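K.L.:
structure, please.
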Amino acid sequence: MFLIFKISERMGSIIIIVLIVAIQLVSGHNSFLKYLKTQASNMEKGLDSVIKGGEYGHAGQGSVTFSAYQSTSKSYKQHETWIYDTVLVNDGNAYNKATGTFTAPSGGVYVFTWATLTAPGKAAHPYLRVNGNYKGWTAFNNKHTSQQVWSSGSNTIVVRLKKGDKVNVASGYLAAYAREKFSSFSGWKI
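P.N.:
A predicted model of the protein is given here:
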């Protein structure tokens, strides 16, 4: 990754140098010169932003991302919100570990992912809800088998949210059992 960054940094510098040379060659054409100077300045700002971890995909001011998991095994009733109480990351403070709910701080496109492990003889149907409406589904059921197996499942979904929309995971079908540490919920704005 460091090597790719260094190569990208060098390529950005080369592009800026080429633009400066082009500016010097066409110094007699004021409108084109002004345009090239603006482009070079914008590219330099963009490169600085990448290096400093700004708006080009690096965590910085204004980023929204969270990741949490369950610290203990839990049983949930049908339609009950799952609580992921151990927070690993909560940039933007949009995830509430007490309620298990993410509240969109701004409109845009978000990615959510959740994973669950259930025990032998148990079931889990964790569904992703947006404002109480189910948008993503996962299901696995060990209730009617004699095999002593652990079942797991996960899903990822991309949704467009408005500011204030609420997102959580809930038991969409039947009661559910989710194992500690192996049951997680994460999301981020893209």
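K.L.:
how about the strands in this protein?
P.N.:
65-69, 74-76, 86-91, 95-96, 101-103, 108-118, 123-124, 126-130, 133-137, 140-141, 151-161, 166-171, 176-178, 184-189 (DSSP state E).
K.L.:
same for the second one, what does it pack against?
P.N.:
Translated: strand 74-76. strand 176-178 (3 or more CB pairs under 8 Å, 6 or more residues apart in numbering; DSSP states H and E). The way it works is simple: take the backbone N, C-alpha and C, and place the C-beta from them, glycine included.
K.L.:
now do the strand it packs on: everything it contacts.
P.N.:
70, 73-76, 82, 116-119, 122-126 (CB atoms under 8 Å, 6 or more residues apart in numbering).
K.L.:
any of these buried? List them.
P.N.:
70, 73-74, 76, 82, 116-119, 122-126 (16 or more other CB atoms under 10 Å).
K.L.:
with pLDDT and distance to Gly187 added, can I get those in TSV?
P.N.:
Below are those laid out as TSV (pLDDT from 0 to 100; distance: CB to CB, whole Å):
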residue	pLDDT	distance to Gly187
Gln70	94	16
Ser73	88	23
Lys74	88	20
Tyr76	89	19
Trp82	93	14
Thr116	88	16
Leu117	83	20
Thr118	81	22
Ala119	79	26
Lys122	79	26
Ala123	77	25
Ala124	85	19
His125	83	20
Pro126	89	14
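K.L.:
wait, which of the residues you listed is closest to Gly92?
P.N.:
Of all these, Gly92 sits closest to Trp82, with 20.7 Å by CB to CB.
K.L.:
confidence score at the nearest residue to Gly153 once chain neighbours are set aside?
P.N.:
Counting by CB to CB, 6 or more residues apart in numbering, Thr138 is the residue found nearest to Gly153 once chain neighbours are left out, at 4.3 Å. With respect to pLDDT, Thr138 scores 83.
K.L.:
got it, and the one 5 residues further on?
P.N.:
pLDDT for Lys143: 65.
K.L.:
neighbours around the nearest residue to Pro120 once chain neighbours are set aside, how many?
P.N.:
Nearest non-adjacent residue to Pro120, counting by CB to CB, 6+ apart: Gln148, 4.3 Å away. By other CB atoms under 10 Å, the residues close to Gln148 number 9.
K.L.:
so Gln148 versus Tyr173, what's the distance?
P.N.:
As judged by CB to CB, to the nearest Å, Gln148 and Tyr173 stand 23 Å apart.
K.L.:
any idea how far Phe182 lies from His79?
P.N.:
In this structure, Phe182 and His79 are 22 Å apart, going by CB to CB.
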